[in-house]
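S.K.: fold the following and give me the result.
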Amino acid sequence: MAIVEEDIERVRSAVSLVDVVSPYVQLKRVGRNHVGLCPFHAERSGSFNVRDEVGRYHCFGCGASGDVFRFVQEMEHVDFVASVEQLAAKAGVTLRYTSGGEGRDRQRRKALLEAMVRAVDWYHERLLTAADARPARDYLRSRGIDGALAREFRLGWAPDDWDALASGLGVPERVLRDTGLAFVNRRERLQDTFRARLLFPIFNESGDAVAFGGRVLPGSADPAKYKNSPETAIYSKSRVLYGLNWAKGDIVKVDRVVVCEGYTDVIGFHRAGVPIAVATCGTALTAEHVRLLKRFAGRVVLAFDADAAGQGAAERFYEWERQFDVAVEVARLPRGKDPGELAGEDPAALRAAVDDAEPFLGFRVGRVLRAGGRVVTPEARAKLANGAMVVVNEHPDVNVRKLYAGQVAQHTGLPVADLVRVAERRAREVEVRAAPVRPAFRENAEFVVLALLIQRWDEVAPWLVEPLFADESHLGAFRALEDADGDVHKAIEQADPEVRDLLERLSVADVDGDSRAEVRNLVGAACRRELDILRAERDLGRNAELVSTRRLLEELDDAEAGWEAAGQLLRWLTGRREVRREESG
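M.R.: Reported below is the predicted structural model:
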């Protein structure tokens, strides 16, 4: 069930965004906004702006933005309904629920999640009891996963049938397709997505089953060892981490999370007494994953071969360290051993690998130095130092590079000062590359008027028409606000991404001026553009029109006649637009 829209707005009106944000961010009044250090990325100077009168926040550093409900969702790790309910409880607002409007989307999501729960139970029961699942049970036991662990992680078995789940689950065909549990094959028949596979249910951070990861058993003729659910309305693989639902409590306690490559690796860490492991779901680690993990921990330990992807991966890790203020480390796993295997053979070694994790750069440099073996000749020492410094100089922080240059010098016997100069040589280039880049924008007349429109809708809106906006993004923002009757929250929800970002910036823009003067400036700019078009057409029959329009433009700045001139110019602009439409149509 959804919350009645009227009650959502009552909650929004009853709470102060500044009051909600203040426990998390130290805010200071600056102009019309409250400003502080962004809670969503690391920064030294405040770029996080809160506009209480509009009820929006926006960070000009990382782009994070939203309303009071979005802020609670991000900080408390809850969904939209839970955020409204939390704020309603604090504000003393009694909520009503309905199945209409927004409830349709929520009801659809609920149906998909309920189907996933039933599928998890169905597959799990097959694993535990079905005769055809015996090879799967034997395989799990060979990997040290007994019945208790299979039940804890809700493991399942997909039988080698075309449509056993689709015909036996009792779920509508559309729901089966929308969850990725089944698809329509070439014969126009509904077919199960997973067949003859050991299944690992994937849960989101809230504990909702959203997808499956399927593994074939050893000896299978299927060349695809792993198969994952497709992305759906409830599952995005770049935003979901396997095991986070079980691990998040322990992760918060120790301020550390271990990232693995596979589902059995996560289970292996749990077996070894390290219940802070998660895994990506058939994809590389992404910025969205790191942003999600930052909510729970400041240290991210990589339990896979983080060096394999080379410099490109290294640059991403260093950027994430800076952007999300996390420390990326690497577990020192024995070569050739994955966490799942090590959990059974030597759980103490697995725990030690995490406890003794190295900083990412230290791990990479150490690997280069160890690979060099015992260096004796001057040529070998120089070659090893050069190779290590290539890795060191990938890091964007010159001070970090200088410290590691000292370690390389100590290992190779080269003068420290010489290697420090190597580390400093690229300082300017690296620091420029590491600097955050935000899209540039100009607070021109269109931007200013749109900001004033959000602040003073009733005063500004009657004077604005579409021909006033030459910039497509500004025009899109005006249309979105007009469609939402000035409600910036609704306008942002309905807008496309580019316009949405502009609206977020407009909602916290520190613009305070004479709205009448700004509107007249905008009218004047639009009319001058139109006059340029008319002059270019060289239509002598329009000379009188040109003269009349120029006269009205001269009157715009007059305190008494300016508004009357603005009204006539607006009517002229609108008429010109209709003429152009007729000519082009």
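S.K.: could you pull out the buried residues of stretch 472-491?
M.R.: Residues of stretch 472-491 classed as buried: 473-481, 484, 486-489, 491 (neighbour count, 16 or more other Cβ atoms under 10 Å). Glycine gets a C-beta too; all of them are placed from N, C-alpha and C.
S.K.: of those, just say which sits nearest to R70.
M.R.: H489 (9.8 Å; Cβ to Cβ).
S.K.: now the closest one. Nearest residue, chain neighbours left out?
M.R.: D67 (5.6 Å; Cβ to Cβ, 6 or more residues apart in numbering).
S.K.: so what does the biggest helix by length in the chain touch, helix or strand wise?
M.R.: The longest helix of the chain (DSSP state H) is helix 102-129. Judged by 3 or more Cβ pairs under 8 Å, 6 or more residues apart in numbering; DSSP states H and E, helix 102-129 is in contact with strand 2-3, helix 147-152, strand 156-158, helix 164-168, helix 173-178, strand 197-203, strand 209-215.
S.K.: returning to what we had before: can you name the two of the buried residues of stretch 472-491 that are farthest apart?
M.R.: Using Cβ to Cβ, the buried residues of stretch 472-491 span at most 20.3 Å, a distance reached by L475 and H489.
S.K.: still on that earlier bit, in the longest helix of the chain, what's buried?
M.R.: Neighbour count says helix 102-129 has 102-103, 106, 111-113, 115-116, 118-120, 122-124, 126-127 buried, by 16+ other Cβ under 10 Å.
S.K.: state the pair within these that is farthest apart.
M.R.: E102 and L127 (37.7 Å).
S.K.: still on that earlier bit, of all the buried residues of helix 102-129, which comes closest to D138?
M.R.: L127 (11.6 Å).
S.K.: quick one: contacts for the closest one?
M.R.: A133, A136, R137, A150, L155, G156, W157, L198, L199 (Cβ atoms under 8 Å, 6 or more residues apart in numbering).
S.K.: same check, this time on L350
M.R.: G268, F269, A272, V274, L333, P339, L342, A343.
S.K.: next, it: phi, psi?
M.R.: With angles defined as degrees, to the nearest 10, L350 sits at phi -70, psi -40.
S.K.: where's the residue most central in space within the chain, which helix or strand?
M.R.: The chain has E288 as the residue nearest its centroid, 4.5 Å off, counting by Cα atoms, centre = their mean. Applying DSSP states H and E as the criterion places E288 in helix 287-294.
S.K.: pLDDT weak spots in the stretch 251-400 of the chain?
M.R.: 305-313 (pLDDT under 70).
S.K.: tell me where it has strands.
M.R.: 256-260, 277-279, 299-302, 327-330, 358-359 (DSSP state E, counting those that start in this stretch).
S.K.: tell me the strands beside the longest one, with direction?
M.R.: Note on strand 256-260: by DSSP bridges, its sheet partners are strand 277-279 (parallel), strand 299-302 (parallel).
S.K.: out of these, which comes closest to W463?
M.R.: Nearest to W463, of the strands paired with strand 256-260 and by Cβ to Cβ, is strand 299-302 at 52.3 Å.
S.K.: could you export that closest one as PDB, CA atoms only?
M.R.: Taking C-alpha atoms only, strand 299-302 is exported to PDB below (Å, rounded to 0.1, in the frame of the first residue of the first chain):
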ATOM      1  CA  ARG A 299      37.900   0.400   5.000                       C
ATOM      2  CA  VAL A 300      37.400  -1.800   1.900                       C
ATOM      3  CA  VAL A 301      39.500  -4.900   1.800                       C
ATOM      4  CA  LEU A 302      39.800  -6.600  -1.700                       C
END
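S.K.: point out where the protein drops to low pLDDT.
M.R.: 1, 99-106, 305-313, 426-443, 538-542, 559-561, 583-585.
S.K.: domains in it, as residue ranges please.
M.R.: As given by automatic domain parsing, the domain ranges for the chain are 2-98, 102-228, 244-356, 364-434, 445-584.
S.K.: closest to Y235 out of the ones you listed?
M.R.: domain 102-228 (4.2 Å).
S.K.: in contact with the residue lying closest to T232 once chain neighbours are set aside, which residues are there?
M.R.: Ranked by Cβ to Cβ, 6+ apart and with sequence neighbours excluded, the top spatial neighbour of T232 is G180, at 5.1 Å. Residues near G180 by Cβ under 8 Å, 6+ apart: T193, A211, S229, P230, E231, T232, Y235.
S.K.: likewise for R520?
M.R.: Counting by Cβ under 8 Å, 6+ apart, R520 has contacts L556, D557, G562, W563, A566.
S.K.: what do you get for R197?
M.R.: Contacts of R197 (Cβ under 8 Å, 6+ apart): W157, A158, G214, R215, V216, L217, K227.
S.K.: tell me the contacts of the fourth one?
M.R.: The one in question is R215. R215 neighbours (Cβ under 8 Å, 6+ apart): R197, L198, F200, K225, Y226, Y263.
S.K.: what's across from it in the sheet?
M.R.: Assigned bridge partners for R215, using DSSP bridges, are L198, Y226.
S.K.: I figured the residue nearest to H489 hits V54, correct?
M.R.: No - using Cβ atoms under 8 Å, D67 makes no contact with V54, being 9.0 Å away.
S.K.: winner for burial among the domains of the chain?
M.R.: Among the domains of the chain, the stretch with the highest mean neighbour count (mean count of other Cβ atoms under 10 Å) is domain 244-356, at a mean of 19.
S.K.: centre of the chain to that one, how far?
M.R.: Here the centre of domain 244-356 is set off from its chain's centre by 19 Å, with Cα atoms, centre = their mean, to the nearest Å.
S.K.: just the helices in the stretch 401-550 of the chain please.
M.R.: Remark: helices assigned in the stretch 401-550 of the chain by DSSP state H, counting those that start in this stretch are 416-425, 427-434, 445-455, 457-460, 472-483, 488-494, 497-508, 515-537, 543-555.
S.K.: just to revisit the earlier point, specify which member of the buried residues of stretch 472-491 is nearest to N386.
M.R.: For the buried residues of stretch 472-491, with N386 as the reference and Cβ to Cβ as the criterion, the closest is S473, at 48.6 Å.
S.K.: which residues touch the closest one?
M.R.: By Cβ under 8 Å, 6+ apart, the contact set of S473 is E498, V499, L502.
S.K.: distance of the residue lying closest to L475 once chain neighbours are set aside from E341?
M.R.: For L475, ignoring the flanking residues on the chain, the nearest one in space by Cβ to Cβ, 6+ apart is F469 at 4.0 Å. As judged by Cβ to Cβ, to the nearest Å, F469 and E341 stand 62 Å apart.
S.K.: and if you look at R500?
M.R.: To E341, R500 is 47 Å away according to Cβ to Cβ.
S.K.: next one: A221
M.R.: Counting by Cβ to Cβ, the gap from A221 to E341 is 25 Å.
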